[in-house]
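**Student:** can't give you the sequence, but here's the structure:
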């Protein structure tokens, strides 16, 4: 039995401690917005936040997670998060499969570094997008940073 | 949750002989939940206006698109074409997939082939979608005129309303839809001419963006069917190989295992949760047969393709006497051999499929570019008629040709579902996805050209050795007719070559090959446009001007190359160690060109500074999504050009995940990618999903040459030593 707090809700779950967080979120809790891409923490499609920090859930044993988890479904109500707003404005997604992870990573970056440089973005946003949305992601991160500087709330 | 006792497993631990023997019904509660809204099947004819349109009383317009949305923006673009003709309120438009099942019941006459391949999603359905919109608008107008008992000529259309000016009355489409559905048109109305477009051609946000920002967009992997179990797959490491033996004793201590299913070339562990199935897979001891291919490796294949260039070939194109021109005394000869490796598609969504079987019905949830092909395959595997199969297409988490019809995972899922008697979600690991892909084919090409005193090519000869995509894998290796994918961008070149001689040998190995984004243009574009650069340098001419002179008969190509030179600052001097390269080609009905600008310091560490893209697709439905396709093609092209390579060792693919098959990431993205669309009009619409791929590698390699003097003739560039002094 493990206990997880996901998007503000506590869950007591009868799963093995070594079950990957990704599959517990998807298959036990039905939170399918978090995606499976590689299974070895390479692509970041499975990125969620634990204590506000980006975590690759495919290699994270569910039993090891102590802090509160935020998934894409819990980032905001009604796409209000500045990162989601910026993604909308730049019309970032193509196939969209990696975007949950991209958004969760970008939101974590902005929480730690509210006005990131291009070098910060290169270093911290390492998620793979096979469709090649990187140019728009970069623009959207800068747009979200500008919105935050003007007082937008996360 | 209780583990299913292992004794149960004996029932489903069956070999090939039992395949097809067990077909057990879907639990009753599964049916009700099979239609999540985002995967709606569009089969409610009662309230529709036509098979393409539903207009709700609140004026919401649902447009059914017959093509897959895999990121390329087709669903938004097709909806724009319908809305343009329908004259409805764009803010009220939503889209859903047209039903493959319904199309099958109509013998494919309702929505056509429903394939999303070859950059054809929009161009093959333009006329059908425009007519669907125009036809609906006209029926709404006639319904309004009938309602008001007025002359139809006095009934006008204004953004989602029918209007009778004289009496100052208007009716929303929503109020007229039911009556309009019954209107028979005496003749189909004409569609708009492009000068009348109000929506088409304007930068329009995608309709699917919001759903892709909060996790609500449903992909194939997200299908949920009550009572389903999960399947993890381990396929024979060597293509063509077979399963020899399985020792599953270690599974008896594992939780949640439902069973082990042996297939001819794979072993599948089924469990109540996916991670438990994966754990079970890791605990198996498996022996494989290599089918005699255990000695094949990349070095041997590379040699075989180079040697094939001297073998007899099928004539793909002959014009004039190229042999004579090449042998003419005084002609300046240029010759080069180019090579390209196998490439993996690697969409971000690994291959997966969920199936629920009943005696009279199969439901299949799969991300696909070809729902009609899925329907046929599923019917065959499940022993049903095509009209008994329901394909629930979802958002496709990347296609790039991988999901164009070769759904091995679907065949496996049905075989497993038959044996376990429950709905099954079967998921390939990334390693399965990469090592059981059907790759872009390995290829080698030898070019020869003869230049006259002015440097103009008098003869152009190509010898192409490449895998047949239609054959797909090993088979008879005799010389046979060419196929268009093998010669794209080389045969019927738009350059003015007076004499041409193009030969092809379709040469396959046991490594399966298939359509990869850009198909032949993706490797042949590199070969051809690199060689054109060699010709320009052999002639001592500027690569842009050299090409330009050979494109005099093609105003569309001239438009692209001139825009390219202008937008890329072509001709502005750069210091040694920096360079620009240009490439232009014709692919999928469009003309596409790129200039890449690079810095290569003496240590050879290549940096891409800027990419300029120019595309003439003749018409543009949505500049936003076309620009996305060009941006994305540059990134995918970079991955392929710099690092992309599946190597074969012991008959098996070596690379299995992104730690060994490198992908371009944010840090690799050029700081500038500029896209310029120059639609020149006319009667045809060009493709946009693939034409951006081909020019990237040659423009990059040509830029490297400009910067360093080093000519790269083999992909990927990671093999090239770019240091210079």
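**Tutor:** On my side now, so go ahead. Note that the coordinates shown come from a computational prediction; the quantities given were computed from them, not determined experimentally.
**Student:** from now on I want contacts and neighbour counts done on CA atoms only, so please keep to that.
**Tutor:** Noted.
**Student:** the stretch 451-600 of chain B: strands as residue ranges?
**Tutor:** B:457-466, B:499-506, B:578-587, B:590-599 (DSSP state E, counting those that start in this stretch).
**Student:** what angle separates the third one from strand B:590-599?
**Tutor:** If you take axes from the mean of the first three to the mean of the last three C-alpha atoms, to 10 degrees, strand B:578-587 sits at 170 degrees to strand B:590-599.
**Student:** hmm, who's touching strand B:578-587?
**Tutor:** Outside strand B:578-587, the residues that touch it by C-alpha atoms under 8 Å, 6 or more residues apart in numbering or on different chains are B:488-489, B:494, B:518, B:521, B:525, B:529-530, B:543-544, B:561, B:570, B:591-601, B:687, B:690-691, B:694-696, B:698-708.
**Student:** again with the first one
**Tutor:** Around strand B:457-466, the neighbours that count as contacts under C-alpha under 8 Å, 6+ apart are B:305-306, B:308-309, B:313, B:321-323, B:325-326, B:441-452, B:486-487, B:490, B:497-508, B:535.
**Student:** neighbouring strands - and their directions - for that strand?
**Tutor:** strand B:443-451 (antiparallel), strand B:499-506 (parallel) (DSSP bridges).
**Student:** do the third one as well
**Tutor:** Sheet pairing of strand B:578-587 (DSSP bridges) gives strand B:590-599 (antiparallel).
**Student:** following the strand it pairs with, which helix or strand shows up next?
**Tutor:** Sequence order places strand B:607-616 as the next helix or strand after strand B:590-599, per DSSP states H and E.
**Student:** list the buried residues of that following strand.
**Tutor:** Of all the residues in strand B:607-616, those buried under the rule 16 or more other C-alpha atoms under 10 Å in any protein chain shown are B:607, B:608, B:609, B:610, B:611, B:612, B:613, B:614, B:615, B:616.
**Student:** quick check on residue 101: phi, psi?
**Tutor:** No chain in the question, so chain A it is. Dihedral angles of residue A:101 (phi, psi; degrees, to the nearest 10) stand at phi -70, psi -40.
**Student:** switch to chain B, please.
**Tutor:** Torsion angles, degrees, to the nearest 10, at residue B:101: phi -60, psi -50.
**Student:** in the chain, where's the longest helix?
**Tutor:** You didn't say which chain, so I picked chain A. Counting by DSSP state H, the longest helix found in chain A is helix A:134-149.
**Student:** could you do chain B instead?
**Tutor:** For chain B, the longest helix by residue count, based on DSSP H, is helix B:126-148.
**Student:** who touches it?
**Tutor:** Against helix B:126-148 from outside (C-alpha under 8 Å, 6+ apart): B:49-50, B:52, B:78, B:81-87, B:151-152, B:154-157, B:162, B:171, B:173, B:176-177, B:179-181, B:183-185, B:188-191.
**Student:** now, which of these lie within strands?
**Tutor:** Among the contacts of helix B:126-148, the members found in strands (DSSP state E) are B:155, B:156, B:157, B:162, B:171.
**Student:** by neighbour count, which of the residues you listed wins?
**Tutor:** For the ones in strands among the contacts of helix B:126-148, neighbours were counted using other C-alpha atoms under 10 Å in any protein chain shown, and residue B:162 has the most, 23 neighbours in all.
**Student:** now that one, which residues is it bridged with?
**Tutor:** residue B:157, residue B:171.
**Student:** that one contacts residue B:175, correct?
**Tutor:** No - using C-alpha atoms under 8 Å, residue B:162 makes no contact with residue B:175, being 10.0 Å away.
**Student:** care to break the chain down by domain?
**Tutor:** Picking chain A for this. Chain A is divided into the following domains under automatic domain parsing: A:2-74, A:82-149.
**Student:** my bad, the chain I had in mind was chain B
**Tutor:** What automatic domain parsing lists as the domains of chain B is B:6-26+B:220-291+B:351-427, B:37-212, B:298-342+B:439-719.
**Student:** how about CSV for those domains, with distance to residue A:50 and mean pLDDT added?
**Tutor:** CSV is the format used below for the domains of chain B (distance: least, C-alpha to C-alpha, whole Å; pLDDT from 0 to 100):
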stretch, distance to residue A:50, mean pLDDT
domain B:6-26+B:220-291+B:351-427, 21, 88
domain B:37-212, 22, 91
domain B:298-342+B:439-719, 23, 96
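**Student:** nearest to residue A:146, out of those?
**Tutor:** Across the domains of chain B, residue A:146 has its closest neighbour in domain B:298-342+B:439-719 (19.5 Å, C-alpha to C-alpha).
**Student:** which of the contacts of strand B:578-587 are buried?
**Tutor:** Buried members of the contacts of strand B:578-587, counted by 16+ other C-alpha under 10 Å: B:488-489, B:494, B:518, B:521, B:525, B:529-530, B:543-544, B:561, B:570, B:591-601, B:687, B:690-691, B:694-696, B:698-708.
**Student:** among the residues you listed, which lie within helices?
**Tutor:** Those of those lying in helices (DSSP H): B:521, B:525, B:529-530, B:543-544, B:561, B:696, B:698-708.
**Student:** picking up where we left off before, reformat the strands paired with strand B:457-466 as CSV; add mean neighbour count.
**Tutor:** What follows is those, written out as CSV (neighbours: other C-alpha atoms under 10 Å in any protein chain shown):
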stretch, mean neighbour count
strand B:443-451, 23
strand B:499-506, 24
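**Student:** is it possible to get JSON lines of those that adds distance to residue B:405?
**Tutor:** Shown next, in JSON lines, are the strands paired with strand B:457-466 (distance: least, C-alpha to C-alpha, whole Å):
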{"stretch": "strand B:443-451", "distance to residue B:405": "23"}
{"stretch": "strand B:499-506", "distance to residue B:405": "21"}
